[in-house]
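> kindly return the folded structure for what I paste below:
(2 chains)
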Amino acid sequence: MTWLALSWPYVLELTGEHLLLSVPAVLLSVLIAIPIGQLANRRPTVGGFVLGAASLMYAIPALPLLIIIPVVFGFPLRSPATVITALTVYGTALLVRTAADAFGSVDAEVRAAALAVGHSPRGVFWHVDLPLAVPVLLSGVRVVAVSTVSLVTIGALIGVPSLGSLLTDGFQRGITEEVMVGVVATILVALVLDGLLILTGSALAPWARRRSPRPKILGATR
Amino acid sequence: MIEFESVSKTYPGGTVAVREFSLQVPSHRTVVLVGSSGSGKSTLLQMVNRMAEPTGGRVLIDGDDVAGRDAVALRRSIGYVLQHGGLLPHRTVLDNIATVPVLNRTPRRRARIQAAELLERVGLDESLGTRYPSQLSGGQQQRVGVARALAADPNILLMDEPFGAVDPIVRRELQAELARIQADLGKTIVFVTHDVDEALRLGDEVVVLRRHGVIAQRGTPAQILAAPADDFVRDFIGADRDERRLTVERIDGRDIAVDGTGRPIGVLDS
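All right, here's what the predicted structure looks like:
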């Protein structure tokens, strides 16, 4: 434990960097996946195409993506923006199908009833579709959060600091303890974020507390 | 008053739901549209709040064509009760009842207080107000549906098989409750059902529909029972069923009503 005893301030600092990369990526994925999911649910033909295309982005290998993004968006190669954008691409790809399922899970009869008593069509989205989609949506967001936290580590390969830096540094210098700390800290961050998401879910959907669906693990290993 | 002026509804592809239907629903009356599936009764109801648009003819409320009204404002001015309650599963009972007042910008606090009063009016305990719809029985959910329809104090109530999904005993209770509320409030009610007994029990006027919204007979329940227009109506109302064919027998100086199977069912008051 000597390495950790000496380096814990560094580990804390990297944990902070790790969160600053992963949390914005998860939030952006949610913001992008929700309209795509809603579109896919409303217009299956157009939406199905968009959905397929978005899901395919998950197949882009990580290293090329980290090089393409700075070229396309004009970010410096080693900037956090590059990593966040790449993670958002993967997060969105993972989340769009669940988002479509989430809106699909809203009972059409409830939607029709809401219209019939006088919600405007836009009001139905905000007051009916979106809140009722939360439980299923959240199960997808949990997968994305855990996947993103583990993916952030590859940013270390292009020199953007995160807990992944402990892995690259530990391998290069042959410090096993540093690698172990990197792995354990990453898992802990993922668990804490997952826990926070569960709490958020029961705050946002108290009506579903007893019957929230379990998250599906969709090939979230990378 | 609600007027249907020879309304028709043909879906793209040529399927006819309603053909040339005309009817006047007088204010403060309950008119029941009764028919089997395919009679177009629900479609007719939905034309009043523009959940369905007629492809021919007009629907007028107090002389104004509903097609000229803003659909959202129109729907908020009309109470609507659906078969499965149509309550929002993510809102508490009180918030469900307060839906339309809140949409109309009544402050939420005041809307909830009024909602609690409405709970009592539909025969529910105030303690149910903080529950979610899934925590209520089917009958309780329908009562909440009625309370929500009444919340903005509309002149018109549209009821689409509101008691169709609950068991017969609860259905009788709900019918009695509705009759009591209507005696107090005197709304203009259009009620749709496939249950003839319900139609006869609740309607000031009953309209028996054939396919495509063709009127087989309209009249008071008594008129329809007394003189079914034809074999279709006769068959539909079960005029030949044993419980409709009553005779009187005199026993120990009292008149006893006896049904078609010979079973005594009551005593005539002298």
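
> run through the chain and note the low-pLDDT ranges.
Looking at chain A here, since you left the chain open. Counting by pLDDT under 70, the low-confidence segments of chain A come to A:1, A:209-222.

> try again with chain B
B:270.

> quick one: name the residues of it near chain A.
For chain B, the residues found near chain A under the criterion CB under 8 Å from any CB of the partner chain are B:46, B:49, B:51, B:72-73, B:75-76, B:80, B:82, B:84-91, B:99-100, B:103, B:132, B:134, B:148-149. All C-beta atoms are positioned from the backbone trio N, CA, C, and that covers glycine.

> buried ones among those residues?
Buried residues within those, counting neighbours by 16 or more other CB atoms under 10 Å in any protein chain shown: B:46, B:49, B:51, B:72, B:75-76, B:80, B:82, B:84-91, B:99-100, B:103, B:132, B:148-149.

> would you mind finding the longest helix in the chain?
No chain in the question, so chain A it is. Of all segments of type helix in chain A, defined using DSSP state H, the longest is helix A:2-42.

> wrong one, chain B
Longest helix in chain B by number of residues, with DSSP H as the criterion: helix B:168-185.

> hang on, the earlier thing: elements contacting the longest helix of chain A?
helix A:44-56, helix A:80-104, helix A:130-151, helix A:164-173, helix A:176-204 (3 or more CB pairs under 8 Å, 6 or more residues apart in numbering or on different chains; DSSP states H and E).

> for the one residue in chain A that gets nearest to chain B, give me phi and psi.
Nearest to chain B in chain A, going by CB to the nearest CB, is A:Ala113, at a distance of 2.7 Å. Reported as degrees, to the nearest 10, the phi and psi values for A:Ala113 are phi -60, psi -40.

> now, which of the buried ones among the residues of chain B next to chain A lie within strands?
B:Tyr80 (DSSP state E).

> tell me which parts of chain A are close to chain B?
A:107, A:109-110, A:112-120, A:123, A:127-128, A:131-132, A:205, A:207-208.

> mark which of these are buried, thanks.
Buried positions within these, assessed by neighbour count (16+ other CB under 10 Å), are A:110, A:113-120, A:127-128, A:131-132, A:205, A:207-208.

> so what's the residue in the stretch 101-250 of chain B that chain A sits nearest to up against?
Taking CB to the nearest CB as the measure, the stretch 101-250 of chain B has B:Tyr132 as its residue closest to chain A, at 4.5 Å. By CB atoms under 8 Å, 6 or more residues apart in numbering or on different chains, the residues touching B:Tyr132 are A:Trp207, B:Pro89, B:His90, B:Arg91, B:Thr92, B:Val93.

> and the fifth one, how far is that from B:Arg109?
Between B:Thr92 and B:Arg109 the distance, using CB to CB, to the nearest Å, works out to 14 Å.

> out of those two, which sits in the more crowded spot?
More neighbours sit around B:Thr92 than around the other of B:Thr92 and B:Arg109, counting by other CB atoms under 10 Å in any protein chain shown; the figures are 21 against 9.

> for that one, grab phi and psi.
Note on B:Thr92: backbone dihedrals following degrees, to the nearest 10 are phi -70, psi 170.

> who's in contact with it?
Listed by CB under 8 Å, 6+ apart, the contact set of B:Thr92 reads B:Gly129, B:Thr130, B:Arg131, B:Tyr132.

> which PyMOL command selects the buried ones in the residues you listed?
Command for PyMOL that selects the buried part of those, burial taken from 16+ other CB under 10 Å:
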select buried, chain B and resi 129+132
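
> which ones among the contacts of B:Thr92 are found in helices?
In helices, judged by DSSP H, none of these are found.

> looking at the contacts of B:Thr92, which one is closest to B:Gly38?
Minimum distance to B:Gly38 across these is 35.3 Å, recorded for B:Tyr132 (CB to CB).

> tell me the SS of the most centrally placed residue in chain B?
A centroid search over chain B (CA atoms, centre = their mean) returns B:Phe191, at 2.4 Å, as the residue closest to the centre. Secondary structure state of B:Phe191, per DSSP: H, G, I helix; E, B strand; the rest coil, is strand.

> list the contacts of it.
B:Thr30, B:Val31, B:Val32, B:Leu33, B:Met159, B:Pro162, B:Ala199, B:Leu202, B:Gly203 are the contacts of B:Phe191 under CB under 8 Å, 6+ apart.

> any idea how far A:Gly201 is from the residue of the stretch 101-250 of chain B closest to chain A?
16 Å.

> against B:Val214, how distant is the residue nearest to the centre of chain B?
19 Å.

> B:Gly186: how many residues sit nearby?
Neighbourhood size, B:Gly186 [other CB under 10 Å]: 13.

> meant to ask about B:Asp269, not that
For B:Asp269, the count of nearby residues is 6 (other CB under 10 Å).

> same question for A:Leu6.
By the other CB under 10 Å criterion, the neighbourhood of A:Leu6 contains 9 residues.

> quick check: phi and psi on B:Asp167?
In this entry, B:Asp167 is assigned phi and psi values of phi -70, psi 160 (degrees, to the nearest 10).

> typo on my end, it should be B:Val214
Phi and psi for B:Val214, reported as degrees, to the nearest 10, are phi -80, psi 130.

> contacts only, for it.
Residues counted as contacts of B:Val214 (CB under 8 Å, 6+ apart) are B:Arg19, B:Phe21.

> swap in 7 Å and give it another go.
By CB atoms under 7 Å, 6 or more residues apart in numbering or on different chains, the contact set of B:Val214 is B:Arg19.

> so how far is B:Ala229 from it?
If you measure B:Val214 against B:Ala229 using CB to CB, the figure is 12 Å.

> try A:Thr85
Applying CB to CB, one obtains 73 Å for the distance of A:Thr85 from B:Ala229.

> who has more neighbours out of those two?
Neighbours were tallied for A:Thr85 and for B:Ala229 using other CB under 10 Å; the higher tally belongs to A:Thr85 (21 against 15).

> excluding its backbone neighbours, what's nearest that one?
Leaving aside its chain neighbours, A:Thr85 sits nearest to A:Ile69 (5.0 Å; criterion: CB to CB, 6 or more residues apart in numbering or on different chains).

> surely that neighbour touches A:Leu87?
No. Proximity of A:Ile69 to A:Leu87 does not meet the contact threshold set by CB atoms under 7 Å, at 10.3 Å.

> what residues of stretch B:53-73 count as buried?
For stretch B:53-73, the buried set under the neighbour-count rule, 16+ other CB under 10 Å, comprises B:Pro54, B:Gly57, B:Arg58, B:Val59, B:Leu60, B:Ile61, B:Val66, B:Ala71, B:Val72.
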